[in-house]
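A.B. asks: model this:
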Amino acid sequence: MAEDGLLFVIDKKGGAREEEEERKTRSKKSRPYEDEDRENKKKGKRTSPTAQKGTNDGDDAKGIGKHGKKGKKAASDGMDMEEKWRNLLFGSVGTEADEEPAQDDDAGLVRHGGKDVPAWQDEDDKNVSVDIKAKDRLKKLRKTEEEEVIDGEEYSQRLRSQVLKVNNNVTWATRAAQVKSGDADEDGMNLLKSTARLTGSQSRLLPSAVLDVERMKDANVSDVPDCVIQALRFHPNSQLMLTGGLDKRLRLYQVDGKKNPKVQSVYFEDLPITSAEFSADGDEVFVSGRRKHFYVYNLAAAHIEKVEGILGHHDRVLGQFCMSPDNKFISILSTCGGVQILSRKTKQKIGDLKMNCEVNCCAYSSDGTYLYTAGDSPIVYQWDMRTRRCVRKIEDEGSLKISSLAVSQDGGLLACGSQNGVVNTYDVRGFHGHDPDAYGVIHPATRKSVMNLTTSVSQLRFSPDGQALAMASHVKKEALKILHVSSNSVFSNWPTSSTPLHYVSSVDFSANNRFLAIGNDRGKLDKEKKIIQAHFLSPIYIMKV
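C.D. replies: You can find the predicted model right below:
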């Protein structure tokens, strides 16, 4: 190859002339067949065998011939695919006598006559007797206290039921069940009675009957602070949880319900933490305290940024943080009824809001369009963040001072907690149908008034799916209640007076509806797993006390 190439480059005339002569000789040999093919095509006859063979050989060399190996394989694959689709759509050809029971290797079942039966059964199970009262670990299988001995089959069934009760998310071991028309109608009625989101949630409908609680490991057992937990929030992806207190440390934990290892601890030398919030995108943590400045901690870069006060804000301390869900604004409560509005990107002031009384709490709507604020009066102010004007004033029925606010993630419910312990819930969509009085205040009817707490309500938190509302007061011990939103009923079996909640200082739900964290004045975050029971088992939350 190298010599031919060198010859062609050096001796252009001679080398090119020899190659051209060889090319002409080959074309003369194949020309009779080409001429014959042209004449046959004009007459409508078949081409010559030699030309036809040359064509097929060329196609085989390219891998696309009609009779090549790849062509045969493609044809057979096409026939197999056609046969598969025919069997799938119309069933395999054959009589019922020729059909054999189908074996399901994944489920370990044999399908016979349209029903699933076990592939193998041990006949000796009926002859085995098990004393479920002899050992403590088997007592939970009893249905009555007098029951002692059961046979092997019943023992197997109860073990399966116990496994499904503890771990009911074993969908890999179950077959897809066909939904009956009656069940579909019942599920539809339950869906209409629920305030859960139709998409994007992994939780099931929350029953309103019984709340079964199982104690779990402490969430912050790896690093227990020596102060009251002032701030407690879950990361938007539910993997991280932050805690903060007056010991000036921000702690991050990876919450898995079993080990809960500590991920990181950040020390702020000049800032006792009273408020800490994740940004809406989860990239940063905003930390504030009884100081003029606040800190921004970047989780990815592990970088701390100090913001030296707010331009135009002359208060000596900063109040509670409130992050908008659309990741545009940061609201900071201040004195004299003021609310400072900061840009999420620049961390600088872009506006402020002013109430007619001291402000105690605030909450954003689900889309960040509206901000609700309340304080030392029974009036809730609704602000339009696009124009920064008060568009509506809502009176909280029966209250004198409002201490906490919460808005459901679908934006349909507003909860107001007062200093006398009453929690009122309102339908936000019903505000449009009320005309304001001479003072510009509307008086909507309450959806539900909860009076289970007797002291000032310090914490209100909706679950992400909107099915539960956590209410707590830090003034009295064990002052925590869970409201089932759709039925407007408070769970009576948990927590009880013997539940070691102590003085509850902070509450938060995780984004996937699996966890509820409860911080107290002892610094510990005990964990409890709630399996909601009614007509079916549905693990929804893991409680941390």
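A.B. asks: who are the contact partners of the residue lying closest to residue 246 once chain neighbours are set aside?
C.D. replies: Among residues not flanking residue 246 along the chain, residue 272 sits closest, at 4.3 Å (C-beta to C-beta, 6 or more residues apart in numbering). No exception for glycine: its C-beta is placed from N, CA and C like everyone else's. Contact partners of residue 272, counting by C-beta atoms under 8 Å, 6 or more residues apart in numbering, are 245-248, 289-290.
A.B. asks: again with residue 345
C.D. replies: Applying C-beta under 8 Å, 6+ apart, no residues qualify as near residue 345.
A.B. asks: show me the shaky parts of the protein.
C.D. replies: Residue ranges of the chain with pLDDT under 70: 1-120, 165-204, 212-215, 238, 523-545.
A.B. asks: part of a strand, is residue 124?
C.D. replies: No - Residue 124 is assigned helix when assessed by DSSP: H, G, I helix; E, B strand; the rest coil, not a strand.
A.B. asks: just give me the neighbour total for it.
C.D. replies: 8 (other C-beta atoms under 10 Å).
A.B. asks: quick check: it touching residue 152?
C.D. replies: Yes - using C-beta atoms under 8 Å, residue 124 makes contact with residue 152 at a distance of 7.3 Å.
A.B. asks: what helix or strand is residue 161 on?
C.D. replies: In the assignment (DSSP states H and E), residue 161 maps to helix 152-166.
A.B. asks: swap that for residue 130, please
C.D. replies: Under the assignment here (DSSP H and E), residue 130 is part of strand 129-131.
A.B. asks: elements contacting that strand?
C.D. replies: strand 149-151, helix 152-166 (3 or more C-beta pairs under 8 Å, 6 or more residues apart in numbering; DSSP states H and E).
A.B. asks: re earlier: what comes up buried for the helix holding residue 161?
C.D. replies: 154-155, 158 (16 or more other C-beta atoms under 10 Å).
A.B. asks: can you tell me which of the residues you listed is closest to residue 416?
C.D. replies: Ranked by distance to residue 416 (C-beta to C-beta), the buried residues of helix 152-166 are led by residue 158 at 46.9 Å.
A.B. asks: show me what contacts that closest one?
C.D. replies: So residue 158 contacts 141, 150 (C-beta under 8 Å, 6+ apart).
A.B. asks: state the distance from it to residue 139.
C.D. replies: 12 Å (C-beta to C-beta, to the nearest Å).
A.B. asks: likewise for residue 457?
C.D. replies: Taking C-beta to C-beta, one finds residue 457 at 41 Å from residue 139.
A.B. asks: more neighbours, the two?
C.D. replies: Looking at residue 457 and residue 139 with other C-beta under 10 Å, you find the greater number of neighbours at residue 457, namely 30 against 12.
A.B. asks: so how far is residue 463 from the more buried one?
C.D. replies: 17 Å.
A.B. asks: contacts only, for the closest residue to residue 423 other than its chain neighbours.
C.D. replies: Spatially, and ignoring its direct neighbours in sequence, residue 423 is nearest to residue 450 (4.3 Å; C-beta to C-beta, 6+ apart). Contacts for residue 450 (C-beta under 8 Å, 6+ apart) come out as 422-425, 471, 481, 483, 490.
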